[in-house]
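**Student:** kindly generate the corresponding structure for this input.
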Amino acid sequence: MDRIIECVPNFSEGRKPETIDALVTTAIEVAGVYLLDREMDHDHHRSVLTFAGSPEAVAEAAFRCVRVASTLIDLRSHQGAHPRVGATDVVPFVPIRGVTMDDCVALARQVGARIGRELNIPVFLYERAASRPDRVNLEAIRRGGLEGLTARMTEEAWRPDFGPAALHSTAGATIVGARPPLIAFNVNLQSTDLPAAKAIAKAVRFSSGGLPFVKAIGVDLTSRGLVQVSMNLTNFEETPLHVAFEAVAREAERRGIAVAESEIIGLIPQRALLQVAQHALKVARFDADQVLETRLDHALAGARQQSTATRSTDGIARSVTQFLSAVAQGTPAPGGGSVAALAGALAASLGLMACRLGPPKRQPSGGTSDEEAAAQVRAAEPILLMHATRLQALIEADAAAYQEVLEAYRLPKSDPSRETRVTETLLSASRIPLETAERAHEAARLLLDVRRYAKASVGSDVRVGLFMAIAAMEGGLENARENMKSLKNQTLAEDIQQRIGKLEESLVQLKALC
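**Tutor:** Got it, this is the predicted structure:
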């Protein structure tokens, strides 16, 4: 690939893995996009994806992720330590190979305009793409959070670059820009003194007279019993990693606080780590070509010409064949629970196909308008994606849960932990297929909606999806009931029994609608 751009979108969600799974799936479904990293933090309540590819593919993946996030993330109920103004808070484009910063600026403006136009989310451009000097710095746009931005947007000088003049009701605003590679670097302190962490951050950041190209805030890591100095190093050549670390450690020591650890969020250029190695080891006349992996990459560069399309097709065939072979083996897992989850994932995926093909250009006269139909399809797509991604994960989760049941039963009857272990694993082995049934039911409800608006050419595909959803529900319920039979502690089983009862009623209703 001759032209490569990196995108590092930040999302205001750090506690629901299924939401981030859906965003990851959204990005990598775009041909020519490669996921490089994903990070998720409970205290910050924030996740960061890193993906790269051709400019056109990365732009499409970024837009799709913003669209999915706007449906799955609701800022009205968001509480986290990291500053934010949007469900998709910031979308930076970074030149990597064969592209210029100007190319990234043009891409940021293109994607920002599309977000504003198609999603009705206000967009502010920042860094190299900024339209005004007072919007270059990300923190200037985020100042005061949602409340502060809402107040400023009443002023002419703070009208968004794209989109409506008011915040989106659930997704807030999105900040889009172009910038050089950045290192997100945190130093965690052995303390719960948040004012001290904020004071240290103030001492080291450039805006308060500290280190050039360093941005820093103090954050409370409640779940870990620590505080953190969270930094962005916007030019590691001028302020290397070790310089920032030593500055924080020095300020902490002045306050009688020890450094617990440091952490790198996302990816880091190799050159930055080489700087640290040279500094720590005092290596003379060091050359990056002395790194084994660098030399190996050069040697192997010509050996990577296999067709992506062929690899993809072969990979799908191998995956299906391997799964069918695993099911056919004379082993208890994967079994019916995994097959039910696969059926559910296929149901949701067929719904996604119908959504992405879109509604017919003209709805029947007297029915839903074209705009309303398109809105219904757009609303269903990210939720179907979330269920499809989770159901796919449940294929392996079900097999693993049943394997744990078998291992619990293999414990000697004299082992005092055996009964507790059996109970715990049976509960898990019941809840997983029950979740399969519940998610398949949600997928079926969406398929019923999609069926009303989808093109006639995919009507049979949607019906097949409904049949697969029903099979997934029946299979999940069957496995949950079977595993519950062996559970002796009926008090623990009450919640599961109630959920089974509700699903059984829903299944009858669903079959009537099909």
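**Student:** show the end-to-end separation of stretch 80-95, please.
**Tutor:** The first residue of stretch 80-95 is 30 Å away from its last residue (C-alpha to C-alpha, to the nearest Å).
**Student:** what of stretch 330-341?
**Tutor:** Between the opening and closing residues of stretch 330-341 there is a gap of 20 Å (C-alpha to C-alpha).
**Student:** tell me which residues of that stretch are tucked away?
**Tutor:** When burial is assessed from 16 or more other C-beta atoms under 10 Å, stretch 330-341 yields the following buried residues: 333-341. No exception for glycine: its C-beta is placed from N, CA and C like everyone else's.
**Student:** same question for stretch 402-412.
**Tutor:** Buried positions in stretch 402-412, judged by neighbour count with 16+ other C-beta under 10 Å: 402-405, 408.
**Student:** take the buried residues of stretch 330-341 and keep only those in helices.
**Tutor:** With helices defined by DSSP state H, the entries of those inside them are 336-341.
**Student:** what about this protein, any weak spots by pLDDT?
**Tutor:** Applying pLDDT under 70 to the predicted model, the residue ranges of the chain that meet it are 1, 285-289, 291, 293-318, 361-370, 489-492.
**Student:** list the contacts of the residue of the chain positioned farthest from its centre.
**Tutor:** Using C-alpha atoms, centre = their mean, the residue of the chain lying farthest from its centre is Ser414. It sits 45.0 Å away. Counting by C-beta atoms under 8 Å, 6 or more residues apart in numbering, Ser414 makes contact with nothing.
**Student:** secondary structure class for it?
**Tutor:** Applying DSSP: H, G, I helix; E, B strand; the rest coil to Ser414 yields a three-state assignment of coil.
**Student:** what are the ranges of the strands in the stretch 1-150 of the chain?
**Tutor:** Remark: strands assigned in the stretch 1-150 of the chain by DSSP state E, counting those that start in this stretch are 4-7, 10-11, 33-41, 46-53, 88-97, 123-127.
**Student:** in CSV, list those along with distance to His82.
**Tutor:** Formatted as CSV, the strands of the stretch 1-150 of the chain follow (distance: least, C-beta to C-beta, whole Å):
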stretch, distance to His82
strand 4-7, 19
strand 10-11, 8
strand 33-41, 8
strand 46-53, 5
strand 88-97, 8
strand 123-127, 16
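**Student:** partners of Ser47 in the sheet?
**Tutor:** Legend: beta-bridge partners of Ser47 under DSSP bridges are Phe11, Met40.
**Student:** what does Val123 give?
**Tutor:** Beta-bridge partners of Val123, as defined by DSSP bridges: Phe162, Thr174.
**Student:** any idea how far it lies from Glu424?
**Tutor:** Distance of Val123 to Glu424, computed by C-beta to C-beta, to the nearest Å: 48 Å.
**Student:** in the stretch 51-200 of the chain, which spans are helices?
**Tutor:** Counting by DSSP state H, counting those that start in this stretch, the segments of the stretch 51-200 of the chain that form helices are 55-72, 101-119, 138-142, 145-152, 194-204.
**Student:** how about the stretch 351-500 of the chain?
**Tutor:** Under the criterion DSSP H, counting those that start in this stretch, the stretch 351-500 of the chain carries helices at the ranges 370-409, 418-453, 459-485, 490-513.
**Student:** walk me through the domains of this structure.
**Tutor:** When the chain is parsed into structural domains using automatic domain parsing, the resulting residue ranges are 4-178, 183-268, 309-513.
**Student:** turn the ones you listed into a markdown table, columns for distance to Gln290.
**Tutor:** Formatted as a markdown table, the entries for those read as follows, by distance: least, C-beta to C-beta, whole Å:
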| stretch | distance to Gln290 |
| --- | --- |
| domain 4-178 | 22 |
| domain 183-268 | 19 |
| domain 309-513 | 33 |
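**Student:** for Gln275, find the nearest of those domains.
**Tutor:** With C-beta to C-beta, the closest approach to Gln275 among the domains of the chain belongs to domain 183-268: 4.5 Å.
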